[in-house]
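> sharing a model that was predicted from the sequence below.
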Amino acid sequence: MAKKKSEGYLSAKESRRISRENRKITNEFEKKRKRTDVPESEYLTEMHDPNNAVEFDNLHTYFFTDAGTVKAVDGVSYNVPIGKTVGVVGESGCGKSVTSLSLMQLLQRPQGQITEGAIRLNLGDKAYDVTKAPDSAMQKLRGNVVSMIFQEPMTALNPVFRIGDQIEEVLELHNTENLSEADMKARTIELLEMVGIANSEGVYKMFPHELSGGMRQRVVIAMALACNPRVIIADEPTTALDVTIQAQILDLLRNLKDKINSSIMFITHDLGVIAEMADYVVVMYAGRIVEKGTADDIFHHPAHPYTIGLMASKPVVGKKIDKLYSIPGKVPNPINMPNYCYFKDRCEMCVEGCDGAYPCEVKLSETHYVSCYRYYDKKED
Ligand SMILES: Nc1ncnc2c1ncn2[C@@H]1O[C@H](COP(=O)(O)OP(=O)(O)O)[C@@H](O)[C@H]1O
Ligand SMILES: [Mg+2]
């Protein structure tokens, strides 16, 4: 029986007990969320640093499933400074998307809930704690203040509406400038040109299926830019595209970055993709941040064995090798996380302390932080 448990099998009785308990927990959260007359004062907050667009502060996002609690994001803190690009990297399943969905309040509810922590969003004249904001307030922010570029453009576009109408719908929904219909069309054409679509008048009238994958992703990017958002989340925006188109879209995003004053959260499993783009990099592993710093810190002085492994598994142009390095093993089961460093079982650089509890964050420089026992001699306490 004990063995079965450790392998993650549950009896029907056990599973029922878990789902009963989950319902109790999620009902509490949902009751709070669904209130309609929440005064703004409840979710008003202050940025710890006014130069940040977003501050994730000890964010915990859990999924209460019948198999147990998935700690998808378990104590994540990082800042997205205004006008800068932050790359968020890590293998699949590390909690990158769940972090950004928490910011958008687009978690799959009622299972998915933010259980602890704050997400402070800078609105210029004020700041909101997104984790406390009700649905009605979120609706005004989504697409307007924070927008998202998804991985698969076809799922973000509606197949039965023309491209122009879909972009105009975004403008209309958040029409704060009271644009006329002609103004909206002009703005849509302008957006299409901005994302490098030459035949913008033609594409305006087309349906999504008439466009190639790269063109569709450009349209989705145009939609994300439509309302001049303060923060753009790009979640693996090039993963579904082939390599040459991928390079074009990355070029486009790099160019846009200089033209607009938005902050970009660029989520990817591929370190190579953000090398030329990110100002800061956050490395996530199994729901936690293992290392964060400036792009220079991470690319030229990687400290965590996981980051070093990711760097080593990145192909380098012009360097001939027989076999590309891959980090051995896999990410631990998110329902039963070990009570020591989550990366220990895959780590090839363990030191003495590694048997101990999960390592705390060590400050290597003003910008560079790592959670690893190898740097405990630099720890100030
Ligand atoms: N709706 C959900 N229900 C249960 N578990 C989920 C759900 N969405 C994500 N997860 C789990 O949360 C963890 C983090 O997922 P995700 O943030 O999507 O990873 P990635 O870093 O690849 O974007 C994974 O273990 C995933 O299985
Ligand atoms: Mg993801």
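Noted; the coordinates are in hand. Ligands and ions are numbered 1, 2, ... in the order given.

> what ranges does the stretch 201-350 of the chain have for its helices?
213-225, 243-259, 271-274, 295-300, 305-312 (DSSP state H, counting those that start in this stretch).

> so which of those gets nearest residue 287?
Residue 287 lies closest to helix 305-312 among the helices of the stretch 201-350 of the chain, at 13.1 Å (C-beta to C-beta). Just so you know, the C-beta spots here come from the backbone N, C-alpha and C atoms, and that holds for glycine as well.

> contact partners of that closest one?
Residues from elsewhere that reach helix 305-312 (C-beta atoms under 8 Å, 6 or more residues apart in numbering): 89, 271, 283, 285, 290-291, 298-299, 302, 325, 327, 343, 346-349, 372, 374.

> looking at the helices of the stretch 201-350 of the chain, which is buried most?
helix 213-225 (a mean of 23; mean count of other C-beta atoms under 10 Å).

> check contacts around the residue in the stretch 101-250 of the chain that ligand 1 sits nearest to.
With C-beta to the nearest ligand atom, the shortest gap between the stretch 101-250 of the chain and ligand 1 falls at residue 108, namely 3.8 Å. Shown in contact with residue 108 (C-beta under 8 Å, 6+ apart): residue 63.

> now do residue 168
Neighbour list for residue 168: 184-185, 188 [criterion: C-beta under 8 Å, 6+ apart].

> residue 368 too?
291-294, 297, 301, 303.

> all strands for the stretch 51-200 of the chain, in order.
52-65, 68-81, 85-89, 112-122, 127-129, 146-149 (DSSP state E, counting those that start in this stretch).

> helices and strands around the second one, which ones?
It refers to strand 68-81. In terms of contacts (3 or more C-beta pairs under 8 Å, 6 or more residues apart in numbering; DSSP states H and E), strand 68-81 is packed against strand 52-65, strand 85-89, helix 96-104, strand 112-122, strand 263-268, strand 280-285, strand 288-294.

> quick one: contacts of it?
Taking C-beta under 8 Å, 6+ apart as the rule, strand 68-81 contacts 10, 18, 22, 49, 51-63, 86, 95, 98-99, 102, 112, 117, 231, 263, 265, 279-280, 282, 284, 286-289, 292, 334-337.

> and the angle from that strand to strand 52-65?
Interaxial angle of strand 68-81 relative to strand 52-65 (axes from the mean of the first three to the mean of the last three C-alpha atoms, to 10 degrees): 180 degrees.

> next, the buried residues of strand 68-81.
The neighbour-count check on strand 68-81 (16 or more other C-beta atoms under 10 Å) flags 68-74, 76-81 as buried.

> what does the shortest one give?
Counting neighbours by 16+ other C-beta under 10 Å, one finds that the buried residues in strand 127-129 are 127-129.

> just the closest of these to residue 148, please.
Residue 148 lies nearest to residue 128 out of the buried residues of strand 127-129, by C-beta to C-beta, at 17.3 Å.

> and that closest one, bridged to which residues?
residue 44, residue 121 (DSSP bridges).

> distance check, it against residue 190.
For residue 128, the distance to residue 190 equals 29 Å [C-beta to C-beta, to the nearest Å].

> and residue 26, by the same measure?
Between residue 26 and residue 190 the computed distance is 44 Å (C-beta to C-beta).

> likewise residue 24?
Counting by C-beta to C-beta, the gap from residue 24 to residue 190 is 51 Å.

> which ones are touching residue 294?
So residue 294 contacts 279-281, 367-368 (C-beta under 8 Å, 6+ apart).

> let me know the closest of the residues you listed to residue 259.
Nearest to residue 259 among those, counting by C-beta to C-beta, is residue 279 at 15.9 Å.

> pull the contacting residues for the closest one.
Per C-beta under 8 Å, 6+ apart, neighbours of residue 279: 81, 84-86, 294-295.

> please redo it, this time with the cut-off set to 6 Å
When contacts are counted by C-beta atoms under 6 Å, 6 or more residues apart in numbering, residue 279 touches 84-85.

> read off the pLDDT value for residue 4.
If you check residue 4, the pLDDT there is 48.

> picking up where we left off before, filtering the contacts of residue 368 by proximity to ligand 1, which remain?
The subset of the contacts of residue 368 within reach of ligand 1, by C-beta under 6 Å from any ligand atom, is empty.

> quick one: which of those residues is most hemmed in?
residue 291 (28 neighbours; other C-beta atoms under 10 Å).

> ok, now which ones touch residue 89?
Residue 89 touches 268, 271, 283, counting by C-beta under 6 Å, 6+ apart.

> any idea how far it is from residue 193?
For residue 89 relative to residue 193 (C-beta to C-beta), the value is 32 Å.

> over to residue 204?
Computed as C-beta to C-beta, the residue 204 to residue 193 distance reads 11 Å.

> who has more neighbours, these two?
Counted by other C-beta under 10 Å, residue 204 and residue 193 do not tie: residue 204 has more neighbours, with 18 against 15.

> shouldn't the more buried one be in contact with residue 164?
Yes. Residue 204 is in contact with residue 164 according to C-beta atoms under 6 Å; the separation is 3.8 Å.
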